[in-house]
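> below are the sequence and a predicted model for it; my questions follow.
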Amino acid sequence: MITLYGSGRRFGLPDASPFVSKAEILLKMSGAPYALGEASFSKAPKGKIPYIADDDRLLGDSTFIRFYLEKKFGIDFDGHLAPADRATAWAYEKMCEDHLYWAIVQSRWLIPRNFEKGPRRFFDKVPFLVRPFVLGMVKRQVRKSLYGQGLGRHSQAEIEALAARDLDAVSAFLASKPWLMGEAPCGADAAVWSMISGALCPHFDTPIRTEAEKHPNLVAYRDRGMRRWFPELI
């Protein structure tokens with residue numbers, strides 16, 4: 001049985017990391033039996049979550065997990081899509097993963113009120129005396145990653161404007177469709193749904209959430225996916 005390693009059910013989400021949620025949805029879509037495990041970053045093949053264990057094999061990164069599932073089980077998550085639609089789905093997935101995601105990270109980690117009720121909880125098991133040093137180190141790493149990615153070079157207002165543009169694009173393309181590319185979910189839905197759910201997470205008070213809530217079809221998309229894949233969290 002495949003074991004998926006992540007941070008666990010948090011903040012009303014399948015996982016605090018949308019990439020872990022993406023991997024779990026892909027496992028559900030594949031029909032493969034799986035279990036959930038608590039991640040150890042020292043064991044993670046790429047030093048991040050998610051990663052899976054399948055017998056004695058460890059594999060990291062949600063997209064490579066997708067490729068592995070497709071090969072192992074002989075499936076194609078985009079098998080019902082035409083080539084141009086596959087390309088469009090991939091583009092929306094990567095916009096959400098490589099752009100919107102970083103705005104969500106910034107809103108959770110670098111806005112103090114959200115950090116206090118969110119990411120800080122990841123470190124509750126760290127010994128009290130060293131916890132401030134660990135928190136400071138990790139926050140500096142997050143800030144450095146955001147700066148290196150590029151989004152962290154912008155002002156708060158600029159970051160929020162860019163995130164709003166992403167949300168507008170997903171909403172406009174989704175329109176009245178139940179899923180990103182039509183009547184049935186495709187591989188990109190695992191990623192896009194996870195990012196939209198993260199943006200809408202009621203646990204965090206962010207302008208990104210406010211912008212996402214302005215789009216009824218994004219809220220309905222989040223709710224539809226939650227009923228389909230994670231009804232136990234409703």
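Cool, got the structure. Given the structure is predicted, the values throughout are model-derived calculations rather than measurements.

> quickly note the distance from the residue of the chain positioned farthest from its centre to residue 135.
Using CA atoms, centre = their mean, the residue of the chain lying farthest from its centre is residue 129. It sits 31.7 Å away. Distance, residue 129 to residue 135, by CB to CB, to the nearest Å: 12 Å. C-beta: built from backbone N, CA, C; applies to glycine.

> the residue farthest from the centre of the chain: what secondary structure?
Secondary structure, DSSP: H, G, I helix; E, B strand; the rest coil: residue 129 is coil.

> can you pull out the helices in this protein?
Listed in chain order, the helices of the chain (DSSP state H) span 18-30, 62-73, 83-95, 101-109, 112-117, 131-149, 156-174, 187-200, 207-213, 216-229.

> what about dumping the CA coordinates of the first one to PDB?
I take that to be helix 18-30. This file holds the C-alpha atoms of helix 18-30, laid out as PDB (Å, rounded to 0.1, in the frame of the first residue of the first chain):
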ATOM      1  CA  PRO A  18      -2.000  22.300  -1.100                       C
ATOM      2  CA  PHE A  19       0.600  20.000  -2.700                       C
ATOM      3  CA  VAL A  20      -0.200  17.300  -0.200                       C
ATOM      4  CA  SER A  21      -3.900  17.700  -0.900                       C
ATOM      5  CA  LYS A  22      -3.200  17.500  -4.600                       C
ATOM      6  CA  ALA A  23      -1.300  14.200  -4.100                       C
ATOM      7  CA  GLU A  24      -4.100  12.800  -2.000                       C
ATOM      8  CA  ILE A  25      -6.700  13.700  -4.600                       C
ATOM      9  CA  LEU A  26      -4.600  12.000  -7.300                       C
ATOM     10  CA  LEU A  27      -4.500   8.900  -5.200                       C
ATOM     11  CA  LYS A  28      -8.300   9.000  -4.800                       C
ATOM     12  CA  MET A  29      -8.700   9.500  -8.500                       C
ATOM     13  CA  SER A  30      -6.400   6.600  -9.200                       C
END
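
> can you list contacts of that helix?
The contact list for helix 18-30 (CB atoms under 8 Å, 6 or more residues apart in numbering) reads 2, 4, 6-7, 13-15, 34, 36, 49-50, 52, 62, 65-66, 69, 73, 75, 77, 97, 101, 104, 185, 187, 189-191, 193-195, 197-198, 225, 229.
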